[in-house]
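Visitor: the amino acid sequence is not available; the structure is as follows:
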């Protein structure tokens, strides 16, 4: 049995912090203007209607609405935010309870 503790290599023992990339708001979710939709490196997902793009390729909502992921072209993907009144027209909206 060893009488001295083995020394570990000093070249090990470090790692970089996670970048926390990925989709932050999924299709069908309600978002407010300014909410981050996708954090990415490069444009894996492209901006669509009512979506802006930051200097680090982050996609964010420009208007309040509902998130929709769409395909365009053969392999490309885009995310759009559609206002609630476009997604749910007045006739399809939930009935309002009448006061008695």
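Guide: That came through fine. What you are looking at is a predicted structure, and each value in this text was computed from that prediction instead of being measured.
Visitor: part of a helix, is residue 86?
Guide: Yes. Assignment of residue 86 by DSSP: H, G, I helix; E, B strand; the rest coil places it within a helix.
Visitor: contact partners for it?
Guide: By Cβ atoms under 8 Å, 6 or more residues apart in numbering, the residues touching residue 86 are residue 65. In this view, the C-beta of every residue, glycine as well, is placed from N, C-alpha and C.
Visitor: how much space between it and residue 45?
Guide: With distances taken as Cβ to Cβ, to the nearest Å, residue 86 is found 21 Å from residue 45.
Visitor: phi, psi of residue 68?
Guide: With angles defined as degrees, to the nearest 10, residue 68 sits at phi -140, psi 120.
Visitor: ok, and the closest non-adjacent residue to it?
Guide: residue 80 (5.2 Å; Cβ to Cβ, 6 or more residues apart in numbering).
Visitor: in whichever helix or strand that neighbour is part of, what's buried?
Guide: Here residue 80, judged by DSSP states H and E, is contained in strand 76-82. Within strand 76-82, the residues that qualify as buried are 78, 79, 80, 81, 82, counting by 16 or more other Cβ atoms under 10 Å.
Visitor: equivalent analysis for stretch 50-68, please.
Guide: Going by 16+ other Cβ under 10 Å, stretch 50-68 has these buried residues: 50, 51, 57, 58, 59, 60, 61, 65, 66, 67, 68.
Visitor: which other residues reach stretch 68-78?
Guide: So stretch 68-78 is contacted by 26-28, 44-48, 51, 79-82 (Cβ under 8 Å, 6+ apart).
Visitor: check those residues and tell me the two furthest apart.
Guide: The largest separation in those, counting by Cβ to Cβ, is between 44 and 82 at 21.3 Å.
Visitor: gap between the helix-or-strand element of the chain with minimal mean pLDDT and the chain center?
Guide: Sorting the helices and strands of the chain by mean pLDDT, DSSP states H and E puts helix 84-87 at the bottom, at a mean of 79. Relative to the chain's own centre, helix 84-87 is displaced by 20 Å; criterion: Cα atoms, centre = their mean, to the nearest Å.
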